[in-house]
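Q: With the input below, show me the fold.
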Amino acid sequence: MRAIVSAPTQPHRIEFRDVPEPEPSRDEALVAARAVSLNRGNYRRLAWEAAGWCPGYDVAGEVIRAAADGSGPAVGARVAGIVPSGAWAERVAVPTRRLALIPEPVSFAAAAAIPVAGLTSLLALAHGGSLLGRRVLITGAAGGVGRAAVQLARLAGAHVTAQVSRPERGHGLAALGADEVVTRLDTDESTFDLAIESIGGALLGQTLARMAPGGTAVSIGASSDEATTFDVLALVRRGAINLYAMSLFQEMERQGVGARELGDLLALVLARRLDPQVDLQRSWHEMGPMLAALGERAVAGKAIAIVD
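A: Sure thing, here's the model as predicted:
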């Protein structure tokens, strides 16, 4: 079986390699991959993972072997799923609790864009409770998670502020539901009830300074690779500011989220209420240049590789 694996000495730190076939557990279905997604987490992990590690979280394809315990979709079903690693392969073993049917006529490419971006957004937004009429800040809003979060927050009735690194990165966000698109957070004193923060560094500190009393900032990443400093006393004086650091797979287990919620997100795609925002789609044989584009922040939304 062919897969893309970590190769620290090769261009883009990846290479195609023949690897052993996956051996599904009783609660896992074997999926023939048709499309996979690139995420910044994959890009970052390639910098330190040992040779031979297979990246990839999102996969869309067809079930070729149903789970032995009788759970999940049958052979031939079109499905999308999420795994901690190993999705960049011709065949992937996926736990049925994290596998959802793809409704026709949603494409494999569109479906592969949803698991990480959609579930991360859904779980992070849940920390705000009812969002009707609430003010929500989403940093790094130009990426796949950010664009999904903007849409889901707007669907929940929130007033959405989308932060991007430069004006051109904000293209299309207003159409997705952002009420405001900004590049800085230190230009006014308006506050937010909920923030989904993915950049870290100084921006996380600025985000905390803009939280309303009782507000929650959910940290879902630190793509800046910078340390954060903030005025603790100022937060104490304001009162009851919450900072929650969220890891997707841990949060899925904690909240019991998986196949049902992924299916709900795919239903929103079918209803055209959630746009997958696929900005770059190529053959997986072009994975190297696609990773480079992701690293250079040249992708506005999701990058999808077709397994061919």
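
Q: Just the element for Ala35, please.
A: strand 28-38 (DSSP states H and E).

Q: mind checking the SS state of His12?
A: Going by DSSP: H, G, I helix; E, B strand; the rest coil, the secondary structure assigned to His12 is helix.

Q: Tell me the helices and strands packed up against whatever helix or strand Arg254 lives in.
A: Element membership for Arg254 (DSSP H and E) is helix 248-255. Secondary-structure packing of helix 248-255 (3 or more CB pairs under 8 Å, 6 or more residues apart in numbering; DSSP states H and E): helix 115-125. The C-beta positions use only the backbone N, C-alpha and C, and glycine is treated the same way.

Q: Report the contact partners of Gly172.
A: Gly172 makes contact with Arg147, Gln277, Ala300, according to CB atoms under 8 Å, 6 or more residues apart in numbering.

Q: Report the buried residues of the helix or strand where the first one lies.
A: Element membership of Arg147 [criterion: DSSP H and E] is helix 144-155. By neighbour count with 16 or more other CB atoms under 10 Å, helix 144-155 contains the buried residues Gly144, Val145, Gly146, Arg147, Ala148, Ala149, Val150, Gln151, Leu152, Ala153, Arg154.

Q: Same check on stretch 214-222?
A: Buried residues in stretch 214-222 (16+ other CB under 10 Å): Gly215, Thr216, Ala217, Val218, Ser219, Ile220, Gly221, Ala222.

Q: Could you measure from the third one over to Phe230?
A: Here Ala217 is placed at a distance of 10 Å from Phe230 (CB to CB, to the nearest Å).

Q: Spit out the residues that contact these two alike.
A: Contacts common to Ala217 and Phe230, judged by CB under 8 Å, 6+ apart, are Leu204, Leu208.

Q: Mind checking what helix or strand follows the helix holding Arg254 in sequence?
A: Defined by DSSP H and E, the subsequent element after helix 248-255 is helix 259-270.

Q: and the very next helix or strand once past that following helix, how far out from the chain's middle?
A: The helix or strand immediately downstream of helix 259-270 is strand 278-283, counting by DSSP H and E. The chain centre lies 16 Å from the centre of strand 278-283; the measure is CA atoms, centre = their mean, to the nearest Å.

Q: which helices and strands sit right next to strand 278-283?
A: For strand 278-283, the packing partners by 3+ CB pairs under 8 Å, 6+ apart come out as helix 108-112, helix 287-295, strand 302-306.

Q: for the record, mean pLDDT for the longest one?
A: What that stands for is helix 287-295. Across helix 287-295, pLDDT averages out at 95.

Q: residues of that helix that come out buried?
A: Met287, Met290, Leu291, Ala293, Leu294.

Q: And for stretch 20-30?
A: So for stretch 20-30, counting by 16+ other CB under 10 Å, buried means Pro22, Pro24, Asp27, Glu28, Ala29, Leu30.

Q: What's opposite the fifth one in the beta bridge?
A: It refers to Ala29. Beta-bridge partners of Ala29, counted by DSSP bridges, are Val94.

Q: quick one: it and Glu62 touch, right?
A: No: using CB atoms under 8 Å, Ala29 makes no contact with Glu62, being 10.1 Å away.

Q: which residues do these two both contact?
A: Counting by CB under 8 Å, 6+ apart, the residues touching both Ala29 and Glu62 are Val79.

Q: Check what pLDDT the residue lying farthest from the centre of the chain gets.
A: What lies farthest from the middle of the chain is Arg237; by CA atoms, centre = their mean that is 34.2 Å. pLDDT, Arg237: 73.
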